[in-house]
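Novice: Sequence first, then the predicted structure, then my questions.
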Amino acid sequence: MVLVCFDQESNTLKELPPGARFALHVLAEGQEAIAMAFAGKGGDKLKDVPWRDAMREVPHIDGCAVVLDCTVADVLPGGDHRIVTALVAQADVAGERTPLLYHRRRMAAMPTS
């Protein structure tokens, strides 16, 4: 299982009732522009992002370090956010891609030791 937190006013949250399917992406080094595009509110976030339909008919962004195909289990209150819990049906891991990390208002490749 995974959990994802969304602002209560998020347009994405409205598309994720229990039973809905979505893909959770761990972006890779070099995908900083995609991260910034998704950080903003509103608009078509996939407009300029290369993606494909996965077998489960949810968008998969090309070049990610990890993509998890998920089904929403529950949506719970969490202060000014909502907590979406989801079951992971499939994990696609690109072992050659270095995950992107956001920490202290900066993006960097996750250290691999």
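Specialist: In hand now; what should we look at?
Novice: neighbouring contacts of stretch 66-77?
Specialist: 1-2, 13, 16-26, 54, 56, 58, 60-61, 82-94, 99 (CB atoms under 8 Å, 6 or more residues apart in numbering). Bear in mind the C-beta positions are built from the backbone N, C-alpha and C, glycine included.
Novice: mind listing the helices for the chain?
Specialist: 32-39 (DSSP state H).
Novice: From Ala89, how far out is Thr71?
Specialist: With the distance defined as CB to CB, to the nearest Å, Thr71 ends up 6 Å from Ala89.
Novice: Could you do Tyr102 as well?
Specialist: In terms of CB to CB, Tyr102 sits 26 Å off from Ala89.
Novice: pLDDT value on Ser113, please?
Specialist: We have a pLDDT of 61 for Ser113.
Novice: contacting residues around Ile83?
Specialist: Taking CB under 8 Å, 6+ apart, one finds 3-5, 75-77 in contact with Ile83.
Novice: before we move on, what about Arg52?
Specialist: Arg52 neighbours (CB under 8 Å, 6+ apart): 59-60, 62.
Novice: and it, what are its bridge partners?
Specialist: His60 (DSSP bridges).
Novice: Thanks again, I'm all set now.
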